[in-house]
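In: Sequence first, predicted model second:
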Amino acid sequence: MTTLYFRKIRLKPSFLKTLIVLFSVLNIGLLKAQESYQITSQQDRLTQYSGEWYSSLHPGTDSLSSFPNIKMVSELKLNGQSLGVEVFQKKDGKYVSTLFELIAYDGSKDNIRAFGKNSRGEMFIGEGEFQSSSNWTMQDKDLDGNNTMRVSFTFNSYTDVVVEGFDNANKSLWKTRYVKQNPKDKDIGIQLVSVHKDMQANPQKTLQELGRMGYSYVETFVYSKGLFYGMSPSAFRTLVEDTGMKFLGSMTFYNLPSDDDMTEAIKWWEKCIEDHKKAGVKYLSTSNNKIKEIKDKSELKRYTDYYNMVGKLCAENDMEFIFHNHADEFLYVDGERVYDYFLEHTNPDYVHFQADLYWMKVGGVEPIDYFNKYPNRFISWHIKDYKELGQSGKIDFEEIFKYDEKAGLKYIIAEVEDYNYPPLYSVKLAWEYLYHKILE
């Protein structure tokens, strides 16, 4: 009887057939999951073109000069259904406007239309569509309906697009490569769990995308054995800084020892702090996945004593220590809410708090109530929604941000953990939501 050996397990053909069917089912499920992360609508694809773009040195490279020849500002209008696009050309040491157009999604025809005017006074209309998430073609016409130019757009990524114009004989007239360089003046950070698979596959490319999108700094959660994504602290810091961002925060985890001997815990935290100092990190945060196991206030006190100890170690090394909540913190132990106990029994000089706004809502509490009751304790916020940021309508971020000063907010961190789109597209939407709608 024919057999197949796999990891020293002997499989009979009948069992092998069952496995093949099982793997086929799993593969179909995986493909469906992957399909759910595709950008399928013309409107959603159009928003890839939003942002502040600059021409590269030439179409064969994504490198930029210190003062690129062309600047293009593409602003989302009408809830993302249209874009106001203005193109500027370098002249005498400054940018001069050379073209303005409105590009809009036409829901009645499910395509994209444009209406614009250039600096020569010529007006034009355009019509076209995305053939895929990365290829878009527009046919421009004059106002008499005559074809004037066909323009193709090829997205190499969410922050890298090649635009080329062709005459009616399909001869190339010009070709420009644009690289997105959104501003960083509002200091928006990104928790890298949002793009974890992308980071595992290609950290350099992923960080480059995030930096170009406008993120100012990153917060990690992968510190293990002195490494970040398999890299040394200094190597990872260099990689982040080379993409125009900073490595400011890190989520780190070492469970409270089961007895009162803190020797190994202190040793671990001292090494952790040393590694993060080499990486340039300004704060460490931690969370607690054992809350449901807490039986009484004496165990709560052990945790707050532990956090005070770690916070003191961090403070002695010019680093901040922050506690991050999920939903379990809003459960009760001996008639007292766990989160309130942590806030009231930790030293404000040593222990700060990272408010995860989404998990607070899931836990049944209002973030604003905590900001008012415990001012200046919440120096970091995770800005997260039920899916893409600002899309659910369940969290009033605009109202919550009215209390940022009261809370003591220093670190604004976007986070996406459930998606309608590919993760990198979702975090692009998160940055745009925070930058254009929430932060003044």
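Out: Good, I have the coordinates.
In: C-terminal to the strand or helix carrying Ile322, what's the next element?
Out: In this assignment (DSSP states H and E), Ile322 forms part of strand 320-324. Per DSSP H and E, the first helix or strand lying C-terminal to strand 320-324 is strand 332-333.
In: Give me the distance from the following helix or strand past that following strand to the chain's centre.
Out: Past strand 332-333, further along toward the C-terminus, the next helix or strand under DSSP H and E is strand 336-337. Distance of strand 336-337 from its chain centroid, counting by Cα atoms, centre = their mean, to the nearest Å, is 33 Å.
In: which residues touch strand 336-337?
Out: By Cβ atoms under 8 Å, 6 or more residues apart in numbering, the residues outside strand 336-337 that reach it are Lys297, Leu300, Glu329, Phe330, Leu331. Using the backbone N, CA and C atoms, a C-beta is placed for each residue, glycine as well.
In: which among these gets closest to Arg177?
Out: Within the contacts of strand 336-337, the smallest distance to Arg177 is 48.2 Å, found for Glu329 (Cβ to Cβ).
In: Report the contact partners of the closest residue to Asp356 other than its chain neighbours.
Out: In space, and not counting its chain neighbours, Asp356 is closest to His382: 4.2 Å by Cβ to Cβ, 6 or more residues apart in numbering. Taking Cβ under 8 Å, 6+ apart, we find His382 in contact with Gln191, His324, Gln354, Ala355, Asp356, Leu357, Tyr358, Ile413, Glu415.
In: Which of the residues you listed fall in helices?
Out: Leu357, Tyr358 (DSSP state H).
In: tally of neighbours for Val362?
Out: When neighbours are counted by other Cβ atoms under 10 Å, Val362 registers 14.
In: for this structure, what spans make up the helices?
Out: 13-35, 42-46, 196-201, 203-213, 233-242, 263-278, 297-316, 338-345, 357-362, 367-373, 397-400, 404-407, 423-433.
In: one step back: and the residue nearest to Asp356, how far from Leu357?
Out: Taking Cβ to Cβ, to the nearest Å as the measure, His382 falls 7 Å from Leu357.
In: I figured Asp106 hits Ala114, correct?
Out: No - with contact defined as Cβ atoms under 8 Å, Asp106 does not reach Ala114; the gap is 10.3 Å.
In: Give me the more crowded residue out of these two.
Out: Taking neighbours as other Cβ under 10 Å, Asp106 and Ala114 compare with Ala114 leading, 20 against 15.
In: Might one say that that one is in contact with Trp136?
Out: No - the pair Ala114 / Trp136 is not scored as a contact, 11.2 Å apart, by Cβ under 8 Å.
In: which residues are in contact with the strand holding Ile322?
Out: Residues contacting strand 320-324 (Cβ under 8 Å, 6+ apart): 249, 251, 282-288, 307, 310-311, 313-315, 342, 346, 350-354, 356, 379-380, 382.
In: picking up where we left off before, any chance of the contacts of His382 in CSV, plus distance to Val240?
Out: Listed next are these as CSV, based on distance: Cβ to Cβ, whole Å:
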residue, distance to Val240
Gln191, 14
His324, 21
Gln354, 20
Ala355, 24
Asp356, 23
Leu357, 25
Tyr358, 25
Ile413, 15
Glu415, 17
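In: Thank you kindly, that will do.
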